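>>> Everything below, folded, please.
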Amino acid sequence: MTPPPLSEWLNELLLALQWLQNLVLLAWYWLTGQTTDFGQPAWPLEHRVAAEVLRIDHQLARQVLYSLIGAPLLWLTLIVALCWRRLRWWLLAGFVLGVGLIPWPAPELVFTTAYPSSFHQSPTLFAADSIVRGRTLYQQNCLSCHGADGSGQGERASSLSRWPPHLASPLLGRKADGELAWHILHGMQDHRGQPTMPGFAGQISPDDVWALLDYMKALGAGTGVQQQGLWPIPLALPDFTVQCENQPPQPLHQMRNRQRVRLIAAGSEADANWLEDPRLLTIMLTPDADTQRHPQMQCWSDSRAAWDSLALMAGVAEDAFAGVQFLADRQGWLRARSLDVWSDSDFLCTSTSDTDGAPAAASPRPADGLGELIDRMDAEPVRYVKGGFAH
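Down below sits the predicted model:
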C-alpha cells in the first residue's frame with residue numbers, strides 16, 4: 001500500500017508525538033536509570049503511538065490532532081467552571097458539548113504494542129564495516145530461513161508456521177529499529193503464541209544485532225532495485241573513511257557537512273570523463289589501495305567494506321560494480337543510482353514535498369541528466385516515518 005503524501009500538518013503532528021514520547025522516555029530514565037541489554041533507556045509502557053498507522057490513515061491522524069487540541073481546552077473549561085460560580089453552568093454545558101463534538105480516536109487504532117527497546121536507535125551510523133560484519137552474521141544465522149536474497153524462501157522456510165517476510169518489502173521501514181532488534185534477540189510469536197521466529201539472545205551480542213539490521217537494509221535495497229527498480233525504503237548514505245588531498249582521513253559523516261554527495265566506483269573505461277562538480281562532494285571508490293584512481297579526483301576511499309556494501313545496495317555483483325554512481329541529498333539519503341548515463345529512471349528513492357497532495361512545483365531544470373536529478377532531490381525531500389520516529 002502506497003501511503004498518501006505527507007502533509008505539513010501531519011509532519012508536525014508526528015514530530016510533536018515523537019517529542020512527547022521522548023519526553024516520557026527521558027523522564028523515566030531520569031527517575032529509574034533503567035536500560036536494556038543494548039545500553040539505551042528502556043521504554044516503560046506497554047504501548048506507543050502507532051505513527052506508522054497515522055502516516056497512512058490521515059482521517060485517524062486528524063482525529064488525533066483535534067483531540068490533542070480539544071482535550072486541554074476542555075480541561076481548562078472545567079477548571080474555570082469550578083472556580084467561576086457565576087458562569088459555571090454555561091461552562092459545564094460547553095464542556096459536555098465539547099466532549100460530544102470532538103471526534104475522539106479509538107485507542108486501539110492510535111496505539112500499538114511497544115517493547116523496552118522500541119525507541120532505541122542504531123549506534124552504527126549505517127557504517128560500511130557494520131554492513132559487511134552483518135553479512136557474515138546473516139549467513140550464519142538467517143540465511144537458511146530468509147534466503148540469500150532476503151525473499152524469505154530459504155531452505156528451512158517451509159518448515160516454519162509462517163513464511164519469513166520479504167526484506168525488499170516495506171517491512172524494515174514500518175518497524176522501528178529498536179523493535180526489530182528486540183525481535184532478533186527474543187523471537188516472534190503469532191496471535192496464538194506460537195513461535196514464528198527463534199530468538200538469538202545468548203548467541204549474538206547486541207552489537208551484532210545492529211550489524212545484522214544494517215545488512216538486512218542493504219540486502220533489501222539491492223533485492224528491491226533488482227526486482228522492482230527502486231529502493232523499498234529510504235536508504236541512508238553509508239559511513240566510511242574518506243581521504244581528501246592535503247587532509248587527514250575522516251569519516252564521511254564528519255566531512256560531508258550537509259553537502260550533496262556523488263559516489264563513483266572506479267575502474268571502468270568511463271573514468272577519464274569523470275570530473276569534479278561544484279554542486280557535489282564527489283568521492284571516488286576503489287576496492288583497495290592498489291586500484292588506480294582518477295588523478296583529478298580530490299577525495300577517495302579505498303575501503304573494501306564500502307565497495308562491497310554499496311555494490312550490494314546497487315543490486316550488482318562486486319566484480320561488476322566499477323562505473324556505478326550514487327547521488328545522496330543534503331540530508332544524507334541515497335536518492336539515485338546510475339549504471340551508465342544519468343537519467344530520470346535512476347531516481348530510486350522517491351518522495352514528495354507537497355502539502356495538499358498536488359505535485360510540488362519544480363524549478364527550471366538544467367539540460368543534463370545529472371542536473372535534473374540534483375534539482376529533483378532538492379525539490380522532493382525525504383520525509384520518513386519509521387516505527388514511532390519521524391526522520
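
>>> In contact with residue 208, which residues?
The contact partners of residue 208, by CB atoms under 8 Å, 6 or more residues apart in numbering, come to 133, 137. In this view, the C-beta of every residue, glycine as well, is placed from N, C-alpha and C.

>>> Tell me where the model's unsure across the stretch 1-150 of the chain.
Within the stretch 1-150 of the chain, the ranges that satisfy pLDDT under 70 run 1-6.

>>> 90 - rerun?
Within the stretch 1-150 of the chain, the segments meeting pLDDT under 90 span 1-12, 14-15, 51-56, 81-89, 91.

>>> For the chain, which segments count as helices?
With DSSP state H applied, the chain shows helices at 8-32, 51-56, 58-83, 88-101, 107-110, 128-141, 143-146, 171-174, 177-186, 206-227, 252-255, 304-314, 369-379, listed in chain order.

>>> which strands and helices sit next to the longest one?
What it means is helix 58-83. helix 8-32, helix 51-56, helix 88-101, helix 107-110 (3 or more CB pairs under 8 Å, 6 or more residues apart in numbering; DSSP states H and E).

>>> Can you tell me which of the ones you listed is packed in deepest?
helix 51-56 (a mean of 20; mean count of other CB atoms under 10 Å).

>>> tell me which strands and helices it is in contact with?
Packing partners of helix 51-56 (3+ CB pairs under 8 Å, 6+ apart): helix 8-32, helix 58-83, helix 107-110, strand 385-386.

>>> is it possible to export the ones you listed to CSV including distance to residue 43?
Shown next, in CSV, are these (distance: least, CB to CB, whole Å):
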stretch, distance to residue 43
helix 8-32, 6
helix 58-83, 20
helix 107-110, 16
strand 385-386, 16
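
>>> Quick one, which of the ones you listed gets closest to residue 218.
Closest to residue 218 of the helices and strands packed on helix 51-56 is strand 385-386 (CB to CB; 15.7 Å).

>>> Show the average pLDDT along that closest one.
The pLDDT scores in strand 385-386 average 66.

>>> Equivalent analysis for stretch 309-320, please.
95.

>>> Compute the first-to-last residue distance for that stretch.
Counting by CA to CA, to the nearest Å, you get 13 Å between the two ends of stretch 309-320.

>>> can you list the domain ranges for the chain.
8-113, 128-227, 238-350 (automatic domain parsing).

>>> Nearest to residue 382, out of the ones you listed?
Ranking the domains of the chain by proximity to residue 382 (CB to CB) places domain 238-350 first, at 4.7 Å.

>>> ok, how many other residues are close to the closest residue to residue 123 other than its chain neighbours?
In space, residue 123 comes closest to residue 210 once its chain neighbours are excluded; the distance is 6.6 Å by CB to CB, 6 or more residues apart in numbering. As a burial measure, residue 210 scores 25 neighbours (other CB atoms under 10 Å).

>>> give the contact list for residue 210.
122, 123, 124, 130, 177, 181.

>>> rewinding a little: between the helices and strands packed on helix 58-83, which one is closest to residue 152.
Comparing those by CB to CB, helix 51-56 comes nearest, at 20.5 Å.

>>> Give me the distance from that closest one to the chain's centre.
With CA atoms, centre = their mean, to the nearest Å as the basis, helix 51-56 stands 14 Å off its chain's centre.

>>> export it as PDB, just CAs?
Provided in PDB are the C-alpha atoms of helix 51-56 (Å, rounded to 0.1, in the frame of the first residue of the first chain):
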ATOM      1  CA  ALA A  51       3.000   6.700  14.000                       C
ATOM      2  CA  GLU A  52       3.300   4.300  11.100                       C
ATOM      3  CA  VAL A  53      -0.500   4.000  11.100                       C
ATOM      4  CA  LEU A  54      -1.100   7.800  11.300                       C
ATOM      5  CA  ARG A  55       1.200   8.200   8.300                       C
ATOM      6  CA  ILE A  56      -1.200   6.100   6.200                       C
END
